[in-house]
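# give the three-dimensional model of this entry:
(2 chains)
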Amino acid sequence: MENGRVYRVSGPVVIATGLTGSKMYNVVKVGDEKLTGEIIKLDSGKATIQVYEDTTGLKPGEPVTDTGMPLSVKLGPGLIGSIFDGIQRPLDKIMGKSGDFMPRGIDVESVDTKKKWHFVPKVKIGDSVKGGDIIGEVNETSLIKHLVMVQHGINGKILSISEGDFSISDCVAEIGSKDGKRSISMGQEWPVRIPRPVSSKLPPNVPFLTGQRVIDALFPVAKGGSAAIPGPFGSGKTVVSHQLAKWGDSEIVVYIGCGERGNEMTEILTTFPELTDPKSGKPLMDRTILIANTSNMPVAAREASIYTGITLAEYYRDMGYNVALMADSTSRWAEALREISGRLEEMPGEEGYPAYLGRKVAEFYERAGRVQTVNGLTGSVTAIGAVSPPGGDTSEPVSQNTLRVTRVFWALDASLANRRHFPSINWLNSYSLYLDELGEWYNKNVGEEWNDMRSTVMSILQKEAEINEVVQLVGYDALPEKEKEVLDIAKVIREDFLQQSAFDDVDTYTSIKKQAIMLKAILELDAAERTLLDRGFTMDKLSNTDAKQKMARMKFVPEAKIDSYYQDFQKSVRDLANTETNKVQS
Amino acid sequence: MKDVYYSTVKQITNVLLFVEGVTDAAYNEIAEISLEDGTTVTGQVLDSRNGIAVVQSFGETRGMNLERTKVRFTGSTAKLSVSTDMLGRIFDGVGNPRDGGPQIYSNEQIEITGSPINPTAREEPSEFIQTGISTIDCMNTLVRGQKLPIFSGSGLPHNRIAAQIARQAKILGESEEFAVVFGGIGINSEEANFFKRELEETGALSRAVVFLNLSSEPSMERVILPRLALTAAEYLAYTENMHVLVILTDMTNYAEALREISAAREEVPGRRGYPGYMYTDLSTIYERAGKINNRKGSITQIPMLTMPGDDITHPIPDLTGYITEGQIVLSRELHRKGIYPNVDVLLSLSRLMNQGIGKERTREDHRNVSDQLYSSYAAGKDLRSLTEIVGEEALSENDRRSLKFADLFEEKFVKQGYDEDRSIDKSLDLGWELFSTLSKNDMKRIKDEFISKYGKWKE
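Below you'll find the predicted structure:
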């Protein structure tokens, strides 16, 4: 272990002398309070350290100790349901140790090393195993079976393995490798900045269903895909992220609150345990890991939090799970990079961000993917990053670098949010590049008409935008009836399909089956209205028909009743199409 | 305390002193700068290295020189003596009395930077605060433990609105009043007098702590003033179990002072010259609002800022909006129309509203009424801009009603008196009254049961 002394302190950046043999990215303990830091630069006898805690009171001359290890996370059963800070310290244990406010220099174990788990072997004595192979399993929560894997770098034959109750540091198996006998425990470590290896990447052709209509129907993301949610403040980024975490059909959720509000993390902490997983009926916390670095917590830990999160996600992916990772907000992470870069007096790139911002963003999203794991399973990490562009202007560097690498763009729109159109995803600016790859899945699992319905709806919305430009010039009354009808149906799509309330018990989640019914219903209504126009009706007679009212209520109809409700709706549409000129309600 | 004086100041800028030969100054340590004439100014260590310390002076550097000015490092970081004796008192930007009263002596000295609240220790804010202002209570509800800023522009009546909130704020069904901590950051003496008078006249001064830094006073004090105010607030809330309302005005002056220091340190600037760490810095102020599990007190923050050029995308409102739980935006257009309080509801937002409203908190129809008001007003305002082009004649009957609704909404719902304290029931009923000018079928955001229960349509 190398020992040195503090030479200079400037905010979260500390320069130390004497760490001559230390390696880049090693973790060091700084000062009398043993603040955790990471070496980010070595220059002729001086080491530059970014410190993950507040450095107030730190003086030149205080000791610095190298731990000899890069920044790593502890992996093993017991991670699910935890809430960590940016460097994987459990916040509830910190609270237990030092009260309601965050202390400095505290050392707590990341995963409970005392708790016993019932380990069931999956291999026999004499089996050959290599790094990443599964040797046993543990029931981690009511939802998650934790597969115990051999640490990477260990290959050989199983010498002993037994069923029983073990803590994560106990030896559960012994492997005879070429380096001699190695004992295997359920816990292992992995450096956060290095991606966990995979066997191969698979094409992203299964959708990550979210129960959010505008996303599933118009701009879907694939399992293992990557998506960006940029939007100004107040546009509902956080609500969308929460909705995805709650209702997304992944088996595991890693939620990173990166530089966000403390009360928001509290909201997750209070609501998630009460919410149940729609598929299993079990508490959502049984499949969730939270990482919280609120905006007033140390900035360097914010930089690390993203990597801590994705490493945990990769670990569960390696067990064959579909993992969804939400990072809210990646802009705060980029700002942390900028702040540290500024303190290092590096030559700034655009808007003061370091020149390597684009590379770092790309490296992060590249860790997403649907993969064949080294042990032959299929798992995925879907990465969804919220971006907070200053003033909502997405021409800024973080948004632009993110858009270059992500394949789905959910453009949140302040003007939609201001009129309380939620989720405020703008249907004209957003896109998904997974449509082609996912088309077949929708054909097979939802219905052959799905892809056509989607494009019809998109073209109606597109037409609406064009007609609206004309309305601005000539007024609504001057429009031909056919165009009025397009506006009418577009309004139905916007209000009765795209708008979805996260706070309504039923509306908050819509299954893909109900979404298909709703789309069908809208297009049937459209067809009926057009028939009536052909028979000489005018739109002002159709503004408030029974069918339309039923359409408006459809999103609030529970899943169990939707089939009969839809039949009833179809009857109304038939009645509408058959009405005589003088009988239409107005 | 250390009694070593360094007379090795090698460079002085308008806010910074570079002291040589210092080997063990702690980061953020408080330093005492003694001038030739015997006066002393407080400063703080911004950068410490083996051999040189950079000290930021909280007072003016006028009168300092390289030969005679001496610096002593106190060995302690910035602390505030706190006690309940602070109530009813007025302090300056570094925590000294400015009302002629005695210093506060207390055994309890707290670091003014504060520590972040552990997110697991936080309690979700959910108690509705009735401010008596319809646009806030009904549409942008404030809850206890929230931080809800007012985004204003120069010349708009944000101070009156803040004073009205401070006067009227109450929790339904509780008799205990809020303690008020007021931080005046770089405000002019008229504004300061307005608040002092308000607090005195309403008798609120006895449960208020006031920190004032006038625009004529050293700008560097503005960087520590909000931290002093919040330290006092935390003491009152978490040690003395009080519910505290913190009003900070004007945060724009705070950010300007921050930029001044950053420029003096020759740091790489971020947007519009503000330092790249401004988001983190602002969050260490705003995030000190909240409620903690198993503690009785709470801190509710209402910071105010003036948006330079009414530009909501300016870094100060922009970064603030990303940290706070919503914002109340004031409108120049409404102000010109003579409407007080000139809250632009379409741009305003309260993120914690949902937790504080509904059955048993306010009223079951609250969420629906609010959503419908938003959507109907937005529709009416859209038509307003449309009629400017095509004229009102081109509108359908329905649209004309909608247009009229927008006017009525501003005249009847937004507008109210400076002393008018509307109960939440009254605000919601007012909403229903306005709805009755529209068609019942347009009430898409409201459940049928509420329409029949609360609707005011004449059949």
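# which residue packs closest to A:Lys181, ignoring adjacent ones?
Closest residue to A:Lys181 apart from its sequence neighbours, by C-beta to C-beta, 6 or more residues apart in numbering or on different chains: A:Glu174 at 5.7 Å. Every residue, glycine included, has its C-beta placed from N, CA and C.
# now the one you found: which helix or strand?
Using DSSP states H and E, A:Glu174 sits within strand A:171-177.
# right, and the helix or strand after that strand?
Next element after strand A:171-177 (DSSP H and E): strand A:180-185.
# report the rounded mean pLDDT for the strand holding A:Glu174.
Per-residue pLDDT values over strand A:171-177 give a mean of 93.
# now do the buried residues in that strand.
By neighbour count on 16 or more other C-beta atoms under 10 Å in any protein chain shown, the buried set for strand A:171-177 is A:172-175, A:177.
# hang on, isn't A:Arg196 packed against A:Glu314?
Yes. Using C-beta atoms under 8 Å, A:Arg196 is in contact with A:Glu314, at 4.3 Å.
# who has more neighbours out of those two?
A:Glu314 (27 against 22; other C-beta atoms under 10 Å in any protein chain shown).
# can you list the residues that contact the longest helix seen in chain A?
The longest helix of chain A (DSSP state H) is helix A:450-474. Identification of contacts with helix A:450-474 by C-beta atoms under 8 Å, 6 or more residues apart in numbering or on different chains yields A:217-218, A:427-428, A:439, A:442-443, A:479, A:483, A:486-487, A:489-490, A:493-494, A:497, A:516, A:519-520, A:522-523, A:526, B:386, B:389-390.
# just to revisit the earlier point, helices or strands next to the strand holding A:Glu174 in the packing?
strand A:117-121, strand A:134-139, strand A:156-161, strand A:180-185 (3 or more C-beta pairs under 8 Å, 6 or more residues apart in numbering or on different chains; DSSP states H and E).
# which positions in stretch A:336-350 come out as buried?
Those would be A:336-344, A:348, for stretch A:336-350 by 16+ other C-beta under 10 Å.
# in CSV: those, plus secondary structure, distance to chain B and pLDDT.
As requested, the buried residues of stretch A:336-350 are exported to CSV (DSSP: H, G, I helix; E, B strand; the rest coil; distance: C-beta to the nearest C-beta, whole Å; pLDDT from 0 to 100):
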residue, secondary structure, distance to chain B, pLDDT
A:Ala336, helix, 8, 89
A:Leu337, helix, 10, 90
A:Arg338, helix, 5, 88
A:Glu339, helix, 5, 84
A:Ile340, helix, 10, 85
A:Ser341, helix, 8, 87
A:Gly342, helix, 4, 82
A:Arg343, helix, 8, 80
A:Leu344, coil, 10, 82
A:Pro348, strand, 5, 84
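# turn those residues into TSV, columns for distance to B:Val345.
Formatted as TSV, the buried residues of stretch A:336-350 follow (distance: C-beta to C-beta, whole Å):
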residue	distance to B:Val345
A:Ala336	34
A:Leu337	37
A:Arg338	35
A:Glu339	35
A:Ile340	40
A:Ser341	40
A:Gly342	39
A:Arg343	41
A:Leu344	45
A:Pro348	40
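# out of the contacts of helix A:450-474, which sit inside helices?
Mapping those onto helices (DSSP H) picks out A:439, A:442-443, A:483, A:486-487, A:489-490, A:516, A:519-520, A:522-523, A:526, B:386, B:389-390.
# just the buried subset of those, written out for PyMOL, thanks.
Applied in PyMOL, the following selects the buried portion of the ones in helices among the contacts of helix A:450-474 according to 16+ other C-beta under 10 Å:
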select buried, (chain A and resi 442+483+486+487+489+490+516+519+520+522+523+526) or (chain B and resi 386+390)
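# sorry, back to before: nearest to chain B, of the buried residues of strand A:171-177?
A:Val172 (31.0 Å; C-beta to the nearest C-beta).
# which residues does the closest one contact?
Counting by C-beta under 8 Å, 6+ apart, A:Val172 has contacts A:119, A:121, A:135-136, A:148, A:161-162, A:164, A:166, A:184-186.
# then B:Ile424?
Counted by C-beta under 8 Å, 6+ apart, B:Ile424 has contacts B:128, B:130, B:137-138, B:172, B:362-363, B:366.
# how confident was the prediction at the spatially closest residue to B:Ser34 that is not a sequence neighbour?
Excluding its sequence neighbours, the residue lying closest to B:Ser34 (C-beta to C-beta, 6+ apart) is B:Lys70, at 4.7 Å. The model reports B:Lys70 with a pLDDT of 93.
# separation between B:Lys70 and B:Glu177?
48 Å (C-beta to C-beta, to the nearest Å).
# for B:Asp85, which non-adjacent residue is spatially closest?
Of all residues not flanking B:Asp85 in the chain, B:Ile104 sits nearest, at 5.6 Å (C-beta to C-beta, 6+ apart).
# secondary structure class for the one you found?
coil (DSSP: H, G, I helix; E, B strand; the rest coil).
# okay, B:Lys70 and B:Glu177: which has more neighbours?
Using other C-beta under 10 Å as the criterion, B:Lys70 and B:Glu177 rank with B:Lys70 on top: 19 against 15.
# buried set for the longest helix of chain A?
For helix A:450-474, by 16+ other C-beta under 10 Å, it's A:450-451, A:453-454, A:456-458, A:460-461, A:464, A:467, A:471.
# turn these into TSV, columns for pLDDT.
Below are the buried residues of helix A:450-474 laid out as TSV (pLDDT from 0 to 100):
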residue	pLDDT
A:Trp450	94
A:Asn451	93
A:Met453	96
A:Arg454	95
A:Thr456	96
A:Val457	96
A:Met458	96
A:Ile460	97
A:Leu461	96
A:Glu464	96
A:Ile467	95
A:Val471	87
